[in-house]
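Q: Just the structure for this:
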Amino acid sequence: QVQLVESGGGLVQAGGSLRLSCAASGRTFSNYGMGWFRQAPGKEREFVIAISRSGGITRDADSVKGRFTISRDNAKNTVYLQMSGLKPEDTAVYYCAATTSVLAMTRGAYAYWGQGTQVTVSS
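A: Below you'll find the model as predicted:
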């Protein structure tokens, strides 16, 4: 089992920045690729960005390209989501998730999920 706990969400104005953190515990963190998903009210949970086990490779959704970056610190068992240039349409609950797949973009590939953290972007 891998336990994931997100933090860092909040209210931010459009154009602002926010950094989310996801702390992992349980099994060896570096054995898992990590991803961030988000779910806006009334919408499906969607892929945002993912990072490989070593942190050397990332993959992001077109909607966040150039604005969001993902990083990880395997010594601290933590993955980060740095968000900049935030838009009202980025408002959602953000979830981190762990997978044994490589840079997976589908929810089904992720076996472990955090409880989510709310990000609200005001216009």
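
Q: Show me where the protein has its strands.
A: Counting by DSSP state E, the chain has these strands, from start to end: 2-7, 10-13, 18-26, 33-39, 46-51, 58-60, 68-73, 78-83, 92-99, 110-113, 117-122.

Q: first vs last residue of stretch 27-46, how far apart are they?
A: Stretch 27-46 has an end-to-end distance of 25 Å (criterion: C-alpha to C-alpha, to the nearest Å).

Q: Please identify the buried residues of that stretch?
A: 29, 32-38, 45 (16 or more other C-beta atoms under 10 Å). To be clear about C-beta, it is placed using only N, CA and C from the backbone, and glycine gets the same treatment.

Q: One more: stretch 96-105?
A: For stretch 96-105, by 16+ other C-beta under 10 Å, it's 96-99, 103-105.

Q: Equivalent analysis for stretch 83-96, please.
A: 83, 86, 90-96.
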